[in-house]
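*Asks:* the following block contains a protein sequence and its predicted model.
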Amino acid sequence: MKKFAWIVTFVLALALVLSACGTPAEEPAEVPAAEEAAEAPAEEQAAEEAAPAEPFRVAVVMPSAINDLAFGQSMYDALIRVQEEMGGPEYFEFVYSENMFVVDDAAAAIRDYATQDFDLIIAHGSQYGSSLQEIAPDFPETSFAWGTTVDTFGQPNIFAYEAASHEGGYVNGVMAASLTKSNVIGVVGPIETGDAKLYVDGFKAGVAATNPDITVNVNYIGSFSDVALASEAATTHIAAGADVMTGSAQMVTGAIGKADEAGVLWLGTQSSQASLAPSIVVATQVFHWEVVINEIVALVKEGTLGGQSFVIDLANGGEVIEFNDAYALPEDVKALAEETVQGIIDGSITITLP
């Protein structure tokens, strides 16, 4: 009996030992690092894959400041818009040299940028043409662009761009003719060339088409940047009876100041000038160079470095008439301006330049 009890005790002890050595409850297996990476959010992976190794890099040389309310600012604002549209500086990066009114200094800046492997170098000034013609052949793998012109010099790595500024000029001329009470209008022009001359000619055509009896006095001061001369020209126009004025290039800030003092209305071009004199600026033809820049960037990415020219106008959105909300423009004049814009776009209005 004692032997049997001992056997039973041994069997029970053995059972307990075997039970303790049985398969434990399964614990969650650790995920290998590679598998954890594979389970990262799909959005993060997609963003990493979409981000370029390097941004598209642009350098710009311009004769005036980026806040000149005219030619320079029109390009700077366009580059900002392109950067925002493309997703930020990690996709589109740009640098600039402003106030390069001395052509030799601008040429040195262009050449220096060309040695730094930029994807595109923009010489934003018609005075830079001869310099670009000499520099571009030395850097055949670099893309250049310049304006305002349509001349690429036959170079495969030069793009050219121009503004059909006579279109917005015509619209401004229609408004000026509708607003003047003295029937005398003054124009302060810089140098009689490029989009500046085109704008003035279009403005005169718009005035003549609306009221041929109005006198339009034009004064080209011989400079894009001389604010003092522009002020003097504006003073002369006001003394001659002008109650509406316009002008082109960065020097117009001087003319707008005199117009504001005298309560003379102003119609602008290139970049919005409403902030300078809200009470007298009626409207501005604003250049949207991003229409051109986007096309050039796409071509460069595809391997085309130049050889093409572009024009911004009312139809492609490269030129937009911006009305100044702070100025109480009569509804009939605004409606006429909008009808004129549409007429130019659809071809029902033909602009005959003087």
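*Replies:* On my side now, so go ahead. Residues are numbered from 1 along each chain as shown.
*Asks:* going by C-alpha atoms from here, please, whenever you check contacts or count neighbours.
*Replies:* Fine.
*Asks:* can you list the domain ranges for this protein.
*Replies:* Segmentation of the chain into domains, based on automatic domain parsing, reads 54-164+289-312, 165-286+320-346.
*Asks:* mean confidence (pLDDT) on the first one, please.
*Replies:* So the one you mean is domain 54-164+289-312. Looking at domain 54-164+289-312 alone, the average pLDDT works out to 97.
*Asks:* okay, how far is it across it, tip to tip?
*Replies:* The first residue of domain 54-164+289-312 is 29 Å away from its last residue (C-alpha to C-alpha, to the nearest Å).
*Asks:* can you give me how far it is from the chain middle?
*Replies:* Relative to the centre of its chain, domain 54-164+289-312 is centred 11 Å away, using C-alpha atoms, centre = their mean, to the nearest Å.
*Asks:* coming back round to it: tabulate the domains of the chain (a markdown table), appending distance to Thr352.
*Replies:* As requested, the domains of the chain are arranged in a markdown table below (distance: least, C-alpha to C-alpha, whole Å):
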| stretch | distance to Thr352 |
| --- | --- |
| domain 54-164+289-312 | 13 |
| domain 165-286+320-346 | 7 |
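*Asks:* go through those domains and name the closest to Pro354.
*Replies:* domain 165-286+320-346 (6.2 Å; C-alpha to C-alpha).
*Asks:* can you give me the strands in this structure?
*Replies:* Counting by DSSP state E, the segments of the chain that form strands are 56-61, 92-97, 120-124, 143-147, 158-163, 184-189, 215-220, 244-247, 265-270, 281-287, 309-312, 319-323.
*Asks:* could you give the angle of the second one to strand 120-124?
*Replies:* Right, the one you point to is strand 92-97. Taking axes from the mean of the first three to the mean of the last three C-alpha atoms, to 10 degrees, one finds that strand 92-97 is oriented at 40 degrees with respect to strand 120-124.
*Asks:* pull the CA atoms of strand 92-97 into PDB?
*Replies:* Below are the C-alpha coordinates for strand 92-97, written out as PDB (Å, rounded to 0.1, in the frame of the first residue of the first chain):
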ATOM      1  CA  PHE A  92      11.400  76.100 -56.700                       C
ATOM      2  CA  GLU A  93      14.200  78.300 -55.400                       C
ATOM      3  CA  PHE A  94      15.200  81.700 -56.600                       C
ATOM      4  CA  VAL A  95      17.800  84.400 -55.900                       C
ATOM      5  CA  TYR A  96      18.000  87.900 -57.300                       C
ATOM      6  CA  SER A  97      20.200  90.900 -57.900                       C
END
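*Asks:* please identify the pairing partners of it and their relative orientation?
*Replies:* Based on DSSP bridges, the pairing partners of strand 92-97 within the sheet are strand 56-61 (parallel).
*Asks:* buried ones in the partner strand?
*Replies:* 56-61 (16 or more other C-alpha atoms under 10 Å).
*Asks:* show residues contacting stretch 221-233.
*Replies:* When contacts are taken as C-alpha atoms under 8 Å, 6 or more residues apart in numbering, the neighbours of stretch 221-233 outside the stretch itself are 64, 188-192, 219, 249-258.
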